[in-house]
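A.B. asks: next come a sequence and a model predicted from it.
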Amino acid sequence: MKPTHGTASAVHDLVGVGFGPANLALAVALEEFEGPKPTALFLEKRPGPAWHPGMLLEDATMQVSFLKDLATIRNPRSSFSFLSYLHDRGRLVDFVNHKEFFPSRVEFHDYLEWAAARVAHQVRYGTEVVGVHPVTEHQTVTAFDLVARRADGTEHTTRTRNIVIGTGLVPRLPTGVTSSQRVWHSAELLPRLAELGQRTVGTFAVVGAGQSAAEVTAHLHSRFPESRIHALLPRYGYSPSDDSPFANRVFDPVAVDHFYDAVPAVRERFYEQHSNTNYAVVDLDLINELYRRSYQESVRGGRRLHFEPMCRVVAADSGPDRVQLHVDRLLEDTRDQLEADIAVFATGYHPMDPAALLGAAADLCKRDSAGRLRVSREYRVETSADVTAGVYLQGGVEHTHGISASLLSNVAVRAGEILTSIATGPRAAR
């Protein structure tokens, strides 16, 4: 890749790639920014705002407080807060009477759409960034040209002094498993179920032991009263998430400072000691509900809900009518096959890979001894000395910023820190 030379008449101070909650929070922070406002644009490949649309299950609730919205922790007076949304929707008093800190996922998604509509002038939907090219002036990379493809196939180039990458998590399937008409990731659950229509499903298999796996199991068990549900758990059973007050402090903004400043051995202990706040854990009420259903079936007879512990799926063979899962049953030290009509893998997500978007421009970025990007406390990727243009990451920084790096808990504060760095830092917009 050859760098682009020269200057452009229109150069944005920042361009955000992706418009999920992270960059939406940045757009909100821009709206509220005091002082000369950086010029900004956000590019999103989806046709409109969407946040995990495949898992907007009717009874699913948030795992974070409504106060950890797009703005409140950064600016309690913000008109973009969840409370402002409730007031605008005419539900503020009703929500207060509800005495609930954790709104439904459907309601929070509506809140995100409400906020996105208010900053729509900053966004180009249906636009996917397909190339990033450094722009050099006097042998210094001062900007990037982003090549973006519209839904109609046409391409255009946008120049920016700073890129903020917020493309979100990438669904993960186990090695040896590929998506098909009968093998789904939980992220696509609702659209796939809509395609089924009224067709009868004899057996579902649900793979995973985290919150999504439990939600999928409960949803399928309720929605398909004639179907059998096999929950293949990689552990002995579901483990409850620790949302007690002291444990929740690991998601506080100050915890990011503590993690960032810690030596590698202490960072590892962060994950060891507090992984049960987020990774492969389930809300206790949902665990109890699934156990209740299973017990009632054992009382009545005619069991449909089956929990199979310590199972590892190593392959999935899709046929025209069935999918055959190859399952290592660790308790028996055996491998056998389980046939199902549909297999849903709630097996989590990979962090976003900024290098995949940056392409050859990733060569300008510094890496640590493990090959990971080196990132400043303000979420700016460290670059070679001949680069003044900035690359900021909204995600993919768990190794430097801790457990909350890709979660909603710090989305408002993180957006404010990135914006302050761009607007007032040593390489601030000119």
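C.D. replies: Sure thing, it's come through. Numbering: from 1, shown residues only.
A.B. asks: in contact with Ser298, which residues?
C.D. replies: By C-beta atoms under 8 Å, 6 or more residues apart in numbering, the contact set of Ser298 is empty. Every residue, glycine included, has its C-beta placed from N, CA and C.
A.B. asks: again, only using 10 Å
C.D. replies: Leu305 (C-beta atoms under 10 Å, 6 or more residues apart in numbering).
A.B. asks: what about it, distance to Arg304?
C.D. replies: 11 Å (C-beta to C-beta, to the nearest Å).
A.B. asks: show me what secondary structure element comes after the helix or strand bottoming out on mean pLDDT in the chain.
C.D. replies: When each helix and strand of the chain is scored by mean pLDDT, DSSP states H and E, strand 4-5 comes last, with a mean of 48. Remark: after strand 4-5, the chain's next helix or strand is strand 14-17, criterion DSSP states H and E.
A.B. asks: kindly export that next one (C-alpha atoms) in PDB.
C.D. replies: Extracted in PDB, the C-alpha atoms of strand 14-17 (Å, rounded to 0.1, in the frame of the first residue of the first chain):
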ATOM      1  CA  LEU A  14     -12.400  12.400  13.800                       C
ATOM      2  CA  VAL A  15     -14.300   9.600  12.000                       C
ATOM      3  CA  GLY A  16     -15.900   6.900  14.000                       C
ATOM      4  CA  VAL A  17     -16.000   3.400  12.300                       C
END
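A.B. asks: and that strand, which strands flank it?
C.D. replies: In the sheet, strand 14-17 lines up against strand 40-43 (parallel), strand 162-165 (parallel) (DSSP bridges).
A.B. asks: out of those strands, which gets nearest to Arg77?
C.D. replies: Closest to Arg77 of those, according to C-beta to C-beta: strand 40-43, at 21.9 Å.
A.B. asks: chain center to that closest one, what's the gap?
C.D. replies: Chain-centre distance of strand 40-43: 19 Å, with C-alpha atoms, centre = their mean, to the nearest Å.
A.B. asks: what sits up against it?
C.D. replies: 12-19, 23-24, 26-27, 30-31, 33, 116, 119-129, 146, 148-149, 158, 160, 162, 164, 166, 419, 422, 429.
A.B. asks: what helices or strands is whatever helix or strand comes next after that strand leaning on?
C.D. replies: The first helix or strand that comes after strand 40-43 along the chain, using DSSP H and E, is helix 82-89. Helices and strands touching helix 82-89, by 3 or more C-beta pairs under 10 Å, 6 or more residues apart in numbering; DSSP states H and E, are helix 92-98, helix 105-118.
A.B. asks: for stretch 251-262, give me every contacting residue.
C.D. replies: With contacts defined as C-beta under 10 Å, 6+ apart, stretch 251-262 is touched by 64, 68, 73-74, 243, 248-250, 266-271, 274, 277-278, 375-377, 379, 397-405, 407-410, 412-414, 416-417.
A.B. asks: scan this structure for its longest helix.
C.D. replies: Using DSSP state H, we find that the single longest helix of the chain is helix 284-300.
A.B. asks: send the alpha carbons of that helix over as CSV?
C.D. replies: The C-alpha trace of helix 284-300 is given here as CSV (Å, rounded to 0.1, in the frame of the first residue of the first chain):
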residue,chain,number,x,y,z
LEU,A,284,-29.3,-16.2,39.5
ASP,A,285,-33.0,-15.6,38.9
LEU,A,286,-32.7,-17.2,35.4
ILE,A,287,-30.7,-20.1,36.8
ASN,A,288,-33.5,-20.7,39.4
GLU,A,289,-36.2,-20.5,36.7
LEU,A,290,-34.5,-23.1,34.5
TYR,A,291,-34.0,-25.4,37.5
ARG,A,292,-37.7,-24.9,38.4
ARG,A,293,-38.8,-25.9,34.9
SER,A,294,-36.6,-28.9,34.9
TYR,A,295,-37.9,-30.0,38.3
GLN,A,296,-41.5,-29.6,37.4
GLU,A,297,-41.0,-31.7,34.3
SER,A,298,-39.5,-34.4,36.5
VAL,A,299,-42.6,-34.3,38.7
ARG,A,300,-45.1,-34.4,35.8
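A.B. asks: quick check: mean pLDDT of that helix?
C.D. replies: Mean pLDDT, computed over helix 284-300, is 96.
A.B. asks: what comes up buried for it?
C.D. replies: For helix 284-300, the neighbour count (16 or more other C-beta atoms under 10 Å) marks Leu286, Ile287, Leu290, Arg293, Ser294 as buried.
A.B. asks: could you look up the SS state of Val313?
C.D. replies: Look at Val313: counting by DSSP: H, G, I helix; E, B strand; the rest coil, its state is strand.
A.B. asks: and it, what are its bridge partners?
C.D. replies: Assessed by DSSP bridges, Val313 has beta-bridge partners Val327.
A.B. asks: next: Glu308.
C.D. replies: Under the criterion used (DSSP bridges), Glu308 bridges to Leu232.
A.B. asks: who are the contact partners of it?
C.D. replies: Contacts for Glu308 were tallied using C-beta under 10 Å, 6+ apart; they are Ala205, His230, Ala231, Leu232, Leu233, Val327, Arg329, Leu331, Leu338.
A.B. asks: nearest to Leu393, of those residues?
C.D. replies: Nearest to Leu393 among the contacts of Glu308 is Leu233, at 33.1 Å by C-beta to C-beta.
A.B. asks: which ones are touching the closest residue in space to that closest one that isn't next to it in sequence?
C.D. replies: In this structure, Leu233 finds its nearest non-sequential neighbour in Ala209, 4.6 Å apart by C-beta to C-beta, 6 or more residues apart in numbering. The contact partners of Ala209, by C-beta under 10 Å, 6+ apart, come to 231-239, 280-282, 307, 309, 311, 346-347.
A.B. asks: make a ChimeraX selection of the buried ones in those residues.
C.D. replies: Here is the ChimeraX selection string for the buried members of these, based on 16+ other C-beta under 10 Å:
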select :231,232,233,234,238,239,280,281,282,307,309,311,346,347
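A.B. asks: done for today, thanks.
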